[in-house]
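Participant: structural data only, the sequence is not supplied:
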């Protein structure tokens, strides 16, 4: 409950003001509720919790700030799988903690665990469509090679979809490399539509300042 103190009176009525520290706590609480991650649970298909797989029980859970190191290690593994050097991954653990669990969180992340060890992740965030409204963007999904073939990737993808549905998102988007035929076939089997008519555009770290004349 926010603490209020009388700071003035107007027309015989006391005017209360919320103390700064309490106000900050209140805003943080609102942000926490806004970022709450929940969805329906269907064992073996999607949802937060334990699922039976070919490799034993797989736990899908929401990552916390303490998982930043694990998430970064999985991101590096993904870069190597995509035939990029580990040095390509510039984001630091501190940046992940700030951007995922700081005052203004901008992404959420799921971890998949087999035997208590994280073997995959899915990092996603909200986007907004001027035609449809709130949407979900799946930035990355990765499962360690040793854990593939057990349905872990399907659990992660469908759980992100379940969260997006629970959040009221109108659609869910993601990208795949054109040479990754197994992934493209998997997504097509799920019913995902290819958006070949759209061209991806980017201003990178070097070109972004140039646009601004810097």
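Facilitator: Ah, there it is. Since we're looking at a predicted model, the values are computed, not measured. Numbers count the residues shown, from 1 in each chain.

Participant: ok now the helix or strand hosting residue 182, how far from the chain's centre?
Facilitator: Per DSSP states H and E: residue 182 is located in helix 181-190. Taking Cα atoms, centre = their mean, to the nearest Å, one finds the center of helix 181-190 at 21 Å from the center of the full chain.

Participant: what does stretch 174-182 give?
Facilitator: That offset, for stretch 174-182, works out to 19 Å (Cα atoms, centre = their mean).

Participant: check which helices and strands whichever strand or helix holds residue 76 is in contact with.
Facilitator: For residue 76, the host element (DSSP H and E) is helix 68-81. Judged by 3 or more Cβ pairs under 8 Å, 6 or more residues apart in numbering; DSSP states H and E, the packing partners of helix 68-81 are helix 93-101, strand 108-114, strand 117-129, strand 133-143. In short, each C-beta sits where N, CA and C put it, glycine included.

Participant: how many degrees apart are it and helix 93-101 in direction?
Facilitator: 110 degrees (axes from the mean of the first three to the mean of the last three Cα atoms, to 10 degrees).

Participant: helix 68-81: how far from the chain's middle?
Facilitator: 14 Å.

Participant: could you do stretch 69-88 as well?
Facilitator: The answer for stretch 69-88 is 17 Å, by Cα atoms, centre = their mean.

Participant: about what we covered before: so which residues make contact with the helix holding residue 182?
Facilitator: Residues from elsewhere that reach helix 181-190, judged by Cβ atoms under 8 Å, 6 or more residues apart in numbering: 153, 154, 157, 176, 177, 178, 194.

Participant: grab the nearest non-local neighbour of the third one.
Facilitator: Using Cβ to Cβ, 6 or more residues apart in numbering and skipping the chain neighbours, the partner closest in space to residue 157 is residue 141 (6.0 Å).

Participant: where's the one you found relative to residue 51, distance?
Facilitator: 16 Å (Cβ to Cβ, to the nearest Å).

Participant: looking at those two, which one has more neighbours?
Facilitator: Set residue 141 next to residue 51 and count neighbours by other Cβ atoms under 10 Å: residue 51 wins out with 23 against 20.

Participant: what angle separates the helix or strand containing that one from strand 108-114?
Facilitator: For residue 51, the host element (DSSP H and E) is strand 49-53. Counting by the same axes, to 10 degrees, strand 49-53 lies at 50 degrees to strand 108-114.

Participant: so in that sheet, which strands flank the helix or strand that comes right after strand 49-53, and in what orientation?
Facilitator: Next helix or strand after strand 49-53 toward the C-terminus (DSSP H and E): strand 56-62. Paired neighbours of strand 56-62 in the sheet (DSSP bridges): strand 49-53 (antiparallel), strand 108-114 (antiparallel).

Participant: buried set for strand 56-62?
Facilitator: For strand 56-62, a neighbour-count test (16 or more other Cβ atoms under 10 Å) marks 58, 59, 60, 61, 62 as buried.

Participant: swap in stretch 94-109?
Facilitator: Residues of stretch 94-109 classed as buried by neighbour count (16+ other Cβ under 10 Å): 96, 97, 98, 100, 101, 105, 107, 108, 109.
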